[in-house]
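S.K.: following is a predicted model, sequence given first.
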Amino acid sequence: MQKYDVIFIGSGHANWHAAVTLRQAGKTVAIIEKDKIAGTCTNYGCDPKILLDGPFELLDRLSAYQGIGINEAPKVDWPALMAYKHQAIDPLSIQMTAVFKQLGIDVFMGEGQLTGAHTVSVNDHTLEAQNIVIGTGQRAAKLNIPGQAYLRDNRDFLDLEQMPNHLTFIGAGVISIEFATMASELGAEVEIVEFTDHALGAFDPNYVGKLVQKLEAKGIHFNFNEAVTEVQKDGDHYTVLTNTGRQIKTDYVIDATGRIANVENLGLAKVGIQTTRGGIVVDDHLRTAVKHIYASGDAVDKQIPRLTPTATFESNYIALQILGNPEPIKYPAVPSVVYSLPRIAQMGVTPAEAAKSEQYHVQSLPYGKQLLFQYKNEIDADITLIFDTDNYLVGTSIYGNDAPELINLMAFIINERLSANQLNQQIFAFPSASIGIISLISTMLNQG
Ligand SMILES: Cc1cc2nc3c(=O)[nH]c(=O)nc-3n(C[C@H](O)[C@H](O)[C@H](O)COP(=O)(O)OP(=O)(O)OC[C@H]3O[C@@H](n4cnc5c(N)ncnc54)[C@H](O)[C@@H]3O)c2cc1C
Ligand SMILES: NC(=O)c1ccc[n+]([C@@H]2O[C@H](COP(=O)([O-])OP(=O)(O)OC[C@H]3O[C@@H](n4cnc5c(N)ncnc54)[C@H](O)[C@@H]3O)[C@@H](O)[C@H]2O)c1
């Protein structure tokens, strides 16, 4: 039986950062992966998504100069963009495998399963380890309806060689909004069927409302308070039936109704590890009920957003735990971004939470208008700032294409509890988009 200090089940961000750190610290390490090395983000999620989104974002920014410097905008060539995606993304898992092997990490391709508290089977091997880390991620939910076999998911969309003429998305969550934006920009007709009365439930309803209006103006049709009951195939096309009697004729149906933790067939119950609908139950050290078995990333039952940076944070934490750090995990406020056009970002105390408590006050800054040319004519860009009673920033929501960069800056101000005086000790580049926001914020922050 091959023996290791640590075995990792899954090779996504939840695991590989720890695997590399521990190997570099001299531990013997094995990674087991049943699909592609490097996991969802690299192969089927964030990376291909942001690669494909790139030209659409540029065109959206250009559209703000229509008639004032730009007369004819270029068009996205989706098949060429998809070819570039394959060229840039497909080698990543191969490169990561080579890096692991070079570092002396053993890689086993196959399904890992606990056979005991210290043993894992993969194919016909049994491996033994002092510590085991389960980072098996999530998969797309599949609605249990007639015609389930016709439902596509994020993997299929991110591999589309040709954009269909008409697409129907089930669910108005992050995946649908991001993908529907690209499809619609390419000229496809898009329907979104959502069974609640709103899109993007975790984000500021004010900004989500603005975004939905903008998407509707571009031709995306939202069907709120409706559930899909069946999908029928008619030759090369499909008919999506809903509970209100609507029949949507379409070319492609994507089920984006959420994601489910991969906890089945892992042998968890056999060794006494509990799971819930949200994933694997862990303590504040990310340990399962079996103390030398950790869980990390999307597969964990947790309240914080299931994102690549949170998976990475947990992975780094677990490496330090195994190397002897006794401290419980302490998460900072976590930024979440929807890569729509424009982007919506959010972190810390939300506007809705702030509205319910006298502990906070809320300030909205229409920075698109106030800093018009610095923010490249994005006139509707807006930031909501939430301060506590001492005037420290504790939360923010942002509506604008620069939101992913701005929220990283806000992360420092929020998590380091910076005062205006501390911000003013710095000299920032000028002209730059962020310096305008910093000057506006520093007039409102605790002067400390
Ligand atoms: C379309 C899409 C877009 C996204 N965009 C963003 C974004 O913009 N920003 C962001 O922060 N996050 C984004 N995410 C979320 C992000 O991808 C995940 O949070 C992240 O990948 C979680 O990492 P993980 O290692 O926990 O899981 P994963 O990356 O899913 O890795 C788990 C791995 O475990 C393997 N596995 C499962 N069971 C077994 C088994 N029994 N044996 C062996 N291997 C097994 C799986 O094959 C998989 O490779 C996106 C997700 C999707 C689907
Ligand atoms: N930018 C990012 O960070 C990013 C991007 C994509 C994916 N992700 C990851 O993927 C997850 C999002 O996945 P998602 O968009 O599939 O899920 P989601 O939970 O964001 O949205 C699912 C939506 O489907 C609706 N829904 C559920 N069942 C339905 C039904 N039967 N009929 C109609 N609507 C229904 C829900 O009300 C919800 O609005 C995120 O939580 C994150 O982990 C992150």
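M.R.: Looks like it came in fine. Ligands and ions are numbered 1, 2, ... in the order given.

S.K.: pretty sure residue 241 belongs to a helix, no?
M.R.: No - under DSSP: H, G, I helix; E, B strand; the rest coil, residue 241 sits outside any helix and is assigned strand.

S.K.: contacts only, for the closest residue to it other than its chain neighbours.
M.R.: Leaving out its chain neighbours, the residue that sits closest to residue 241 by CB to CB, 6 or more residues apart in numbering is residue 230, at 4.4 Å. C-beta: built from backbone N, CA, C; applies to glycine. Each residue near residue 230 by CB atoms under 8 Å, 6 or more residues apart in numbering is listed here: 145, 146, 147, 240, 241.

S.K.: can I get the buried part of those residues as one PyMOL selection?
M.R.: Filtering the contacts of residue 230 down to the buried ones (16 or more other CB atoms under 10 Å) takes a single PyMOL command:
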select buried, resi 145+147+240+241
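
S.K.: for the contacts of residue 230, give me a markdown table that also has pLDDT.
M.R.: Listed next are those as a markdown table, based on pLDDT from 0 to 100:
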| residue | pLDDT |
| --- | --- |
| 145 | 98 |
| 146 | 98 |
| 147 | 98 |
| 240 | 98 |
| 241 | 98 |
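
S.K.: helix, strand or coil: sort out the residue nearest to residue 241 for me.
M.R.: Residue 230 is classified as strand under three-state DSSP.

S.K.: quick one: pLDDT of it?
M.R.: Listed pLDDT for residue 230 reads 98.

S.K.: likewise for residue 433?
M.R.: So residue 433 comes in at 83 (pLDDT).

S.K.: tell me the contacts of it?
M.R.: Residue 433 touches 371, 374, 375, 402, 405, 406, counting by CB under 8 Å, 6+ apart.

S.K.: how near is it to residue 409?
M.R.: Per CB to CB, to the nearest Å, residue 433 is found 10 Å from residue 409.

S.K.: again with residue 70
M.R.: Residue 70 is 28 Å from residue 409, by CB to CB.

S.K.: same question, residue 376
M.R.: 17 Å.

S.K.: near ligand 1, which residues of the stretch 1-150 of the chain show up?
M.R.: 9-15, 32-35, 39-41, 45-46, 49, 111-112, 135-137 (CB under 6 Å from any ligand atom).

S.K.: residue ranges of the helices in the stretch 1-150 of the chain, please?
M.R.: Listed in chain order, the helices of the stretch 1-150 of the chain (DSSP state H, counting those that start in this stretch) span 13-24, 39-44, 46-63, 78-103.

S.K.: next, the angle from the last one to helix 13-24.
M.R.: Using axes from the mean of the first three to the mean of the last three CA atoms, to 10 degrees, the direction of helix 78-103 lies 30 degrees away from that of helix 13-24.

S.K.: pull out the buried residues from helix 78-103.
M.R.: In helix 78-103, counting by 16+ other CB under 10 Å, buried: 78, 81, 82, 85, 89, 92, 93, 96, 97, 100.

S.K.: for those residues, which one is nearest ligand 1?
M.R.: residue 93 (9.1 Å; CB to the nearest ligand atom).

S.K.: just the strands in the stretch 151-300 of the chain please.
M.R.: 166-170, 189-193, 221-223, 228-234, 237-242, 247-250, 252-255, 259-261, 275-276, 279-280, 293-295 (DSSP state E, counting those that start in this stretch).

S.K.: make TSV from those and add distance to ligand 1 to it.
M.R.: Putting those into TSV (distance: least, CB to the nearest ligand atom, whole Å) gives the following:
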stretch	distance to ligand 1
strand 166-170	12
strand 189-193	16
strand 221-223	20
strand 228-234	20
strand 237-242	21
strand 247-250	20
strand 252-255	11
strand 259-261	7
strand 275-276	13
strand 279-280	10
strand 293-295	9
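
S.K.: most tightly surrounded among those?
M.R.: Of all the strands of the stretch 151-300 of the chain, strand 293-295 has the most neighbours on average by mean count of other CB atoms under 10 Å, namely a mean of 28.

S.K.: the residue nearest the centre of the chain and residue 140, how far apart?
M.R.: The residue lying closest to the centre of the chain (CA atoms, centre = their mean) is residue 307, at 4.5 Å. Remark: distance between residue 307 and residue 140 (CB to CB) = 16 Å.

S.K.: which helices and strands does whichever strand or helix holds residue 408 pack with?
M.R.: Using DSSP states H and E, residue 408 maps to helix 403-415. The contact analysis (3 or more CB pairs under 8 Å, 6 or more residues apart in numbering; DSSP states H and E) places helix 403-415 against strand 336-338, strand 344-348, strand 393-399, helix 433-442.

S.K.: looking at the stretch 51-200 of the chain, which residue is nearest ligand 2?
M.R.: residue 173 (1.8 Å).

S.K.: that residue contacts residue 259, doesn't it?
M.R.: No - here residue 173 lies out of contact with residue 259, judged by CB atoms under 8 Å, at a distance of 9.2 Å.

S.K.: mind checking which of the helices and strands packed on helix 403-415 is nearest ligand 1?
M.R.: Per CB to the nearest ligand atom, nearest to ligand 1 of those: strand 336-338, 6.6 Å.

S.K.: paired strands for the closest one, with orientation please.
M.R.: Applying DSSP bridges, strand 336-338 is found paired with strand 344-348 (antiparallel).

S.K.: quick one: contacts of the partner strand?
M.R.: 200, 202-204, 207-208, 211, 333-338, 386, 393-399, 403-404, 406-407, 410-411, 414.

S.K.: and those, which are buried?
M.R.: 200, 203-204, 207-208, 211, 333-338, 386, 393-399, 403-404, 406-407, 410-411, 414.

S.K.: just name the shakiest helix or strand of the protein by mean pLDDT.
M.R.: helix 433-442 (a mean of 91; mean pLDDT, DSSP states H and E).

S.K.: in it, what's buried?
M.R.: 433, 434, 435, 436, 437, 438, 440, 441, 442.

S.K.: got these as TSV, with distance to residue 21 columns?
M.R.: Formatted as TSV, these follow (distance: CB to CB, whole Å):
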residue	distance to residue 21
433	35
434	32
435	36
436	39
437	35
438	34
440	40
441	35
442	37
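
S.K.: specify which member of those is nearest to residue 217.
M.R.: Here the nearest of these to residue 217, counting by CB to CB, is residue 433; it sits at 25.3 Å.

S.K.: and the gap between the closest one and residue 159?
M.R.: Applying CB to CB to residue 433 and residue 159 gives a distance of 34 Å.

S.K.: and if you look at residue 320?
M.R.: For residue 320, the distance to residue 159 - CB to CB - is 37 Å.

S.K.: what about residue 219, neighbour count?
M.R.: 11 (other CB atoms under 10 Å).

S.K.: and for residue 316, the neighbour number?
M.R.: 14.
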